[in-house]
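K.L.:
Need coordinates for the following:
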Amino acid sequence: MRTHYCTDVTENNIGETVTVAGWVNSRRDHGGLIFIDLRDKDGLVQLVCDPNEEGSKEAWEIADKVRDEFVLIVTGKVRARGEGLENPRLKTGKIEIVVNTLIIENKSKAMPFELGDEKVNEEIRLKNRFLELRTEKSYNIFKLRSKVGIAARNTLDSLGFLDVETPILTKSTPEGARDYLVPSRVHGGEFYALPQSPQLFKQLLMVSGFDRYYQIAKCFRDEDLRADRQPEFTQIDVEMSFCNQEDVMAVAEELIVNIFKAAGHDIPKKFNRMTFNDAMEIYGSDKPDMRFAMPMVEVSDIFANSTNEIFRSIASDTKKNRIKALRCPNGDNIFSKRQMKSFEDFVRKFGASGLGYFQMKEDGLKGPLTKFFSESDLEEIVKRTELVVGDVVFFGAGDKKTVWDYMGRFRLFLAREMDIIPNDTFEFLWVVDFPMFEVENGRTKALHHPFTMPKSLENLDDLEDISSIAYDIVLNGTELGGGSIRIHKQDIQAKVFEIMGISDEEAREKFGFLLDALEFGAPPHGGFALGFDRLIMLLARTDSIRDVIAFPKTQKAQCLLTKAPSEVDSEQLKELSIRIRKQD
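P.N.:
Residues are numbered from 1 along each chain as shown. The predicted structure follows:
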């Protein structure tokens with residue numbers, strides 16, 4: 001239907017007759033001459049409809065009926081634009097096409113919104129997602145997504161990984177988020193689950209001797225949504241046999257380096273590392289943003305000397321509690337006293353009972369808390385937190401997990417308020433040595449998943465002190481992905497289940513197929529997964545994961561375009577042995 005895409009027409013084609021096709025981006029009537037900007041996937045080219053050009057009168061008459069977003073097929077002769085009429089912002093800004101044949105292939109209704117208008121209500125945009133995808137921004141995002149997918153496949157293929165699809169209809173298993181359930185018509189009253197990840201299947205493939213597997217896999221989780229979360233998402237899933245942590249991390253780094261190269265970015269071939277414990281103690285997060293400094297400093301030993309009974313009590317139990325200092329560079333010159341007092345409202349939302357602070361003045365620390373400290377202790381605070389005149393230092397005290405959480409969030413809050421986070425850099429970090437278990441409400445759970453290999457199970461006095469061979473990859477404060485070395489020995493797996501309070505019967509019922517496989521010569525193995533959508537979101541520098549998914553769901557897990565989920569016919573429910581009971 002066409003000889004060229006719009007932006008393929010250049011000065012080299014002057015004098016030639018070409019055929020282009022696309023959508024009307026805009027139409028302008030200049031008193032006899034009609035100008036049309038025609039748009040296709042690559043960009044715009046200007047069309048000129050001139051009734052005085054030989055053989056062009058009919059095309060001009062048709063052009064008079066053309067409106068925005070009409071679909072056109074156009075044939076004409078390429079000529080240079082007149083002197084002073086060039087458009088340097090367009091790739092085709094030096095030429096135009098004088099139309100002699102114009103076909104309206106399809107008309108368009110009036111648009112519900114102006115394409116590219118970022119102020120349009122998201123509900124309207126998602127209802128008409130197929131129109132929003134016409135924008136240059138959307139096209140470039142999905143062009144980037146395609147390039148990244150190809151780079152990932154090429155890299156893993158070159159490293160000897162085999163692309164294997166795993167089931168979408170599978171068995172519901174405990175742990176993690178809620179499963180999406182699919183009723184079986186053939187087996188009434190029984191359900192499949194959509195996979196939260198291909199975890200169990202990729203381990204089975206290692207037992208099968210496949211050695212190296214990958215998949216760009218669809219995953220499903222029925223959980224509360226936010227800007228970087230969707231009920232269905234995509235991950236680059238990788239597993240390999242006869243490997244240790246270093247082997248897996250080397251593959252992940254090579255994969256990420258090649259992905260970023262395909263997207264036009266050169267990044268270091270080796271990433272920095274930090275233990276989980278250091279990340280929490282210094283940054284209050286297991287996914288710290290390393291684009292700026294502002295580390296937290298432990299000052300419990302100094303506060304233990306204070307005359308404030310609350311501080312002394314908290315500081316007396318360093319196993320359970322923490323007192324963290326957070327230096328805010330030049331904060332005394334940036335924030336007013338009223339602002340600094342209002343910051344307490346922010347941290348209280350995350351469990352803080354209060355927030356103290358000192359201001360660094362020419363004659364030393366000032367603030368309502370100074371009366372509780374000796375001069376030597378105040379000097380030690382200045383020294384340890386490296387304060388200079390103009391700085392403010394904030395303090396959080398209490399249960400360590402609560403303090404880590406709200407002070408980590410507060411660190412990010414201050415950085416955003418001061419606008420000190422660079423937007424033009426990529427800072428990668430491996431976080432390693434995660435705890436194997438976490439205890440919540442008296443119940444022991446696996447921090448990652450119960451198939452993660454523990455470093456040792458010898459010391460069981462404090463379960464939270466047991467580390468696992470697990471690792472997360474963090475980019476600019478966002479968890480990009482992670483993985484672990486897996487348990488490949490049945491006796492270790494059984495011990496982990498025992499610690500978690502999972503009986504032999506329950507383990508056999510829910511994971512029997514995996515436990516059986518481990519008894520048939522399972523090799524040492526491990527792997528990782530990268531969040532594909534999050535990766536594209538960061539590369540495209542957009543704030544929402546919905547921008548990088550062709551047809552996303554809302555934060556209520558609805559598709560406004562297709563109106564899913566929706567009710568189904570009663571006969572369908574009857575076939576599935578399901579009866580709907582309305583909730584009160």
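K.L.:
Now do the same contact list for residue 104.
P.N.:
62, 65, 66, 70, 71, 72 (CB atoms under 8 Å, 6 or more residues apart in numbering). Every residue, glycine included, has its C-beta placed from N, CA and C.
K.L.:
Torsion angles phi and psi at the third one?
P.N.:
Main-chain torsions, residue 66, degrees, to the nearest 10: phi -70, psi 140.
K.L.:
okay, now it: neighbour count?
P.N.:
The number of residues packed near residue 66 is 18, by other CB atoms under 10 Å.
K.L.:
next one: the second one
P.N.:
If you count neighbours by other CB under 10 Å, residue 65 ends up with 10.
K.L.:
show me what contacts it?
P.N.:
residue 104 are the contacts of residue 65 under CB under 8 Å, 6+ apart.
K.L.:
just the third one next, same as before
P.N.:
Residues touching residue 66, when contacts are defined by CB under 8 Å, 6+ apart, comprise 24, 27, 34, 36, 72, 102, 104.
K.L.:
if you set the cut-off to 10 Å instead, what comes out?
P.N.:
Neighbour list for residue 66: 24, 27, 34, 36, 47, 49, 72, 102, 104, 107 [criterion: CB atoms under 10 Å, 6 or more residues apart in numbering].
K.L.:
Grab the nearest non-local neighbour of the second one.
P.N.:
Nearest residue to residue 27, sequence neighbours excluded (CB to CB, 6 or more residues apart in numbering): residue 36, at 5.2 Å.
K.L.:
List the buried residues of stretch 173-192.
P.N.:
Across stretch 173-192, burial judged by 16 or more other CB atoms under 10 Å covers 173, 179, 180, 183, 191, 192.
K.L.:
Then stretch 143-153?
P.N.:
Buried residues in stretch 143-153, defined by neighbour count with 16+ other CB under 10 Å: 144, 145, 147, 148, 149, 151, 152.
K.L.:
Surely the fourth one and residue 259 touch.
P.N.:
Right, the one you point to is residue 148. Yes: Residue 148 is within contact range of residue 259, at 5.3 Å (criterion: CB atoms under 10 Å).
K.L.:
what's the overlap in contacts for these two?
P.N.:
With CB under 10 Å, 6+ apart as the test, residue 148 and residue 259 both reach 236, 532, 535, 536, 539.
K.L.:
Next, work out how far apart the third one and residue 334 are.
P.N.:
Computed as CB to CB, to the nearest Å, the residue 535 to residue 334 distance reads 34 Å.
K.L.:
More neighbours: those two, which one.
P.N.:
It is residue 535, of residue 535 and residue 334, that has more neighbours when counted by other CB under 10 Å, with 25 against 16.
K.L.:
and the more buried one, which of the three is it?
P.N.:
Secondary structure state of residue 535, per DSSP: H, G, I helix; E, B strand; the rest coil, is helix.
K.L.:
that older thread, of the shared contacts of residue 148 and residue 259, closest to residue 480?
P.N.:
Nearest to residue 480 among the shared contacts of residue 148 and residue 259, counting by CB to CB, is residue 535 at 6.1 Å.
K.L.:
give me every residue that touches the closest one.
P.N.:
By CB under 10 Å, 6+ apart, the contact set of residue 535 is 145, 148, 152, 234-236, 256, 259-260, 263, 475, 478, 480-481, 548.
K.L.:
any idea how far residue 257 is from the residue nearest to residue 27?
P.N.:
Applying CB to CB to residue 36 and residue 257 gives a distance of 44 Å.
K.L.:
Those two - which one has more neighbours?
P.N.:
Applying other CB under 10 Å to residue 36 and residue 257 shows that residue 36 carries more neighbours, namely 25 against 20.
K.L.:
Am I right that that one sits in a strand?
P.N.:
Yes: assessed by three-state DSSP, residue 36 belongs to a strand.
K.L.:
surely it meets residue 50?
P.N.:
No: using CB under 10 Å, residue 36 makes no contact with residue 50, being 11.9 Å away.
K.L.:
shared neighbours of the two, anything?
P.N.:
Common contact partners of residue 36 and residue 50 (CB under 10 Å, 6+ apart): 63, 99.
K.L.:
Would you agree residue 293 is in contact with residue 328?
P.N.:
No: the pair residue 293 / residue 328 is not scored as a contact, 11.0 Å apart, by CB under 10 Å.
K.L.:
Pick out whichever of the two has more residues nearby.
P.N.:
Using other CB under 10 Å as the criterion, residue 293 and residue 328 rank with residue 328 on top: 26 against 11.
K.L.:
Could you find the closest non-adjacent residue to that one?
P.N.:
Counting by CB to CB, 6+ apart, residue 328 lies nearest to residue 392, which is 4.6 Å off, once chain neighbours are set aside.
K.L.:
Give me the distance between that neighbour and residue 416.
P.N.:
To residue 416, residue 392 is 16 Å away according to CB to CB.
K.L.:
Comparing the two, which residue is more hemmed in?
P.N.:
residue 392 (24 against 10).
K.L.:
Next, the contact list for the more buried one, please.
P.N.:
So residue 392 contacts 326-335, 337, 340, 343, 357-360, 367, 414 (CB under 10 Å, 6+ apart).
K.L.:
quick one: low-confidence ranges for the stretch 201-350 of the chain?
P.N.:
The stretch 201-350 of the chain contains residues with pLDDT under 70 at 227.
K.L.:
Try it again at 90.
P.N.:
223-229, 337, 341 (pLDDT under 90).
K.L.:
Helices along that one, start to end?
P.N.:
Applying DSSP state H, counting those that start in this stretch to the stretch 201-350 of the chain gives helices spanning 245-262, 276-283, 300-303, 309-315, 331-334, 337-348.
K.L.:
Show me the one of the ones you listed that comes nearest residue 270.
P.N.:
Closest among the helices of the stretch 201-350 of the chain, using CB to CB: helix 245-262, at 6.5 Å.
K.L.:
for the closest one, which positions count as buried?
P.N.:
245, 248-249, 251-253, 255-260, 262.
K.L.:
nearest to residue 271, of those?
P.N.:
Closest approach to residue 271 among the buried residues of helix 245-262 (CB to CB): residue 253, at 6.0 Å.
K.L.:
for the nearest residue to that closest one once chain neighbours are set aside, what are its contacts?
P.N.:
Spatial nearest neighbour of residue 253, excluding adjacent residues (CB to CB, 6+ apart): residue 271 at 6.0 Å. Counting by CB under 10 Å, 6+ apart, residue 271 makes contact with 249, 252, 253, 256, 257, 427, 428, 429, 430, 473, 474, 475.
K.L.:
please redo it, this time with the cut-off set to 8 Å
P.N.:
Contact analysis of residue 271 by CB under 8 Å, 6+ apart lists 253, 428, 429, 430, 473.
K.L.:
mind listing which of the residues you listed are in strands?
P.N.:
Among these, the residues falling in strands (DSSP state E) are 428, 429, 430, 473.
K.L.:
ok, the last one - how many residues close by?
P.N.:
One way to gauge burial is a neighbour count; for residue 473, by other CB under 10 Å, it gives 24.
K.L.:
pLDDT below threshold where in the stretch 401-550 of the chain?
P.N.:
Applying pLDDT under 90 to the stretch 401-550 of the chain picks out residues 424, 438-450, 456-466, 490-491, 494-495, 498-516, 518, 543-544.
K.L.:
Out of the buried residues of stretch 173-192, name the ones that lie in strands.
P.N.:
Filtering the buried residues of stretch 173-192 for strands - DSSP E - leaves 183, 191, 192.
K.L.:
Reformat those as a markdown table; add pLDDT and distance to residue 163.
P.N.:
Formatted as a markdown table, those follow (pLDDT from 0 to 100; distance: CB to CB, whole Å):
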| residue | pLDDT | distance to residue 163 |
| --- | --- | --- |
| 183 | 95 | 31 |
| 191 | 94 | 29 |
| 192 | 95 | 23 |
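K.L.:
Which member of the residues you listed is positioned nearest residue 570?
P.N.:
The shortest gap between residue 570 and any of these belongs to residue 183, at 14.3 Å (CB to CB).
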